[in-house]
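In: Here is a sequence with its predicted model. Questions after.
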Amino acid sequence: MKLFNTLTRKKEEFKPREPGHVYMYVCGPTVYGPMHIGNARTFTAFDILYRFLKWKGFQVKYVQNLTDVGHLTDAGEDKIMKGAHQRNMDAFAFVELMIEEYFKDLKLLGIEKPDISPRASEHIDDIIKTIQKLIENGYAYESNGFVYYDISKIKDYGKLSKQNTEFLEKQRNETNGEKKHEGDFVLWFPAHKDYPMKWDSPFGVGFPGWHIECSTMSSKYLGLPIDIHGGGKDLMFPHHEDEIAQAEGAHKSKFCNYWIHSEFILINNEKMAKSIGNIITARDAVNKYGDKAVRYLLMSPHYRTEINFTEESMKSAQNTVRKLIDFIDKIQEMKPKGEFNKELNKKVIETKNKFEKGLDDDLNMPIALAAIFELVNDTNRIMDGNKLSEKNLKDVYDLLMDFDKILGILEHEKEETPKEIINLIKARENARKKKDFKESDRIRDEIKDLGYILEDSPDGPNVKKI
Ligand SMILES: [Zn+2]
């Protein structure tokens, strides 16, 4: 299996540190509001990776943090405090509620829960220990209630995001303020006396920076070097760069072997931004287009290509999902009476290989999905006029449901056909028996007006919701 490693900018053969085991970390959300579709894209991309690794037989330990501690973004915004304030809630009660909402959103999108979801607020002691280690090892210093990371102490700072030398030199410029160099970043903030989320520490009362929580919790639960570290590509700098600097400075070990980054989602060809006012929440998208269609849109392109969220792309995702589900229903309902078809049997084996080969190649989902559509078309073609054997149909069904352990879009409850429709179908059958075709056509139209479409097959009439 190959993965594109941001650290080397190459597709590399994936070799975990322990054969058969994968230790994987993905940056989780700052819990301050409903998940937007951009985060949903990132979390879906890594859900596919997590599920695929398990499907291939790896024992995966997947950790994703929950940032439930207030911190300042680069734009100087404290989203948790702002959210708590807007709702007039205690900050701790607010993050509790937001974490519940986050798990609801994951479920809504068919995203499996990580194995461990550690909260920053429950790991303050661990974070303090990492900071102390960094001070001991000479990578961090205290200044006026803050603790800063000294980036001049690490030679290869910038190795992940490949910043240009000019930028890095500027980062190392000395300053006359609290911090020694431009690029030194905060590990510990002092807290204002009215600030609610704060803890005692050897550096004074305060709260941790954002980057340090990820270095601390990933190392704690996964050991070093972790195999895979993932996140949206917007986190590459400074967040991931700083995670490396901290973990490698504190533990004197390589932090992570494979860095995986997912691309952005665009809304009608534009970047999603508060200033444009085009932020879409995952929940709104699901309410409007359905959970499976949203998941399909988020996972069907390659994870390193942009997705364009438009009315048209969502309609197309809805149609594709509907087509696949109808196909599953059709082969389940079919009454097999025929001979075992060798051609279809061969197609099933080929499809499994193509699908796996596609995902083995840096999770190339378009290739994997193309293999599925080819099988659907081939099955329909071979079925046309031929009766298939029970084994043929079961093989196709089992294969698709096996793929669905990764895709998460095919499993569904078959919708019950309403009694009213069933009675109309019976009435139509009676009319047909009496050769009253005018009446049978009238009933078919009535069924259509009620939102169902009727198709006659040699096994009797099939009804489908439009
Ligand atoms: Zn992180």
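Out: Okay, I see it.
In: Check which helix or strand Val60 maps to.
Out: strand 59-64 (DSSP states H and E).
In: and that strand with the ion, contact?
Out: No. On the criterion Cβ under 5 Å from the ion, strand 59-64 is out of touch with the ion, staying 9.2 Å away. In short, each C-beta sits where N, CA and C put it, glycine included.
In: Which strands and helices lie in contact with that strand?
Out: If contacts are counted by 3 or more Cβ pairs under 8 Å, 6 or more residues apart in numbering; DSSP states H and E, strand 59-64 sits against strand 21-26, helix 37-55, helix 210-222.
In: list the helices and strands the longest helix belonging to the chain packs on?
Out: The longest helix of the chain (DSSP state H) is helix 311-333. Here helix 311-333 touches helix 282-289, helix 291-299, helix 365-383, helix 390-407, strand 460-465, going by 3+ Cβ pairs under 8 Å, 6+ apart.
In: Deepest in the core, which of those is it.
Out: helix 291-299 (a mean of 25; mean count of other Cβ atoms under 10 Å).
In: Check what contacts that helix and list those residues.
Out: Contacting residues not belonging to helix 291-299 are listed as 37, 40-41, 44-45, 47-48, 108-110, 265, 282, 285-286, 307, 309, 313-314, 317-318, 320-321, 325, 365, 407-409, 412 [Cβ atoms under 8 Å, 6 or more residues apart in numbering].
In: which residues touch the closest residue to the ion within the stretch 301-450 of the chain?
Out: Of all residues in the stretch 301-450 of the chain, Tyr303 sits closest to the ion, at 17.6 Å by Cβ to the ion. Applying Cβ under 8 Å, 6+ apart to Tyr303 gives the contacts Ala45, Ile48, Leu49, Ile260, Ser262, Glu263, Leu363, Met365.
In: again, only using 10 Å
Out: 4, 41-42, 44-46, 48-49, 230, 260-263, 362-365 (Cβ atoms under 10 Å, 6 or more residues apart in numbering).
In: same thing with Ile135?
Out: Contact analysis of Ile135 by Cβ under 10 Å, 6+ apart lists Tyr141, Glu142, Val147, Asp150, Leu187, Pro202, Phe203, Ala250.
In: circling back to that earlier point, which one of the helices and strands packed on helix 311-333 lies nearest to Val63?
Out: Of all these, helix 390-407 sits nearest to Val63, with 20.1 Å by Cβ to Cβ.
In: How confident was the prediction at Met24?
Out: The confidence metric pLDDT takes the value 98 at Met24.
In: meant to ask about Asp74, not that
Out: Asp74 is assigned 68 on the pLDDT scale.
In: give me the residue from the stretch 101-250 of the chain nearest the ion.
Out: Nearest residue of the stretch 101-250 of the chain to the ion (Cβ to the ion) works out as Cys214 at 3.1 Å.
In: The stretch 101-250 of the chain: strands as residue ranges?
Out: Listed in chain order, the strands of the stretch 101-250 of the chain (DSSP state E, counting those that start in this stretch) span 140-143, 146-149, 185-190, 206-208, 226-232.
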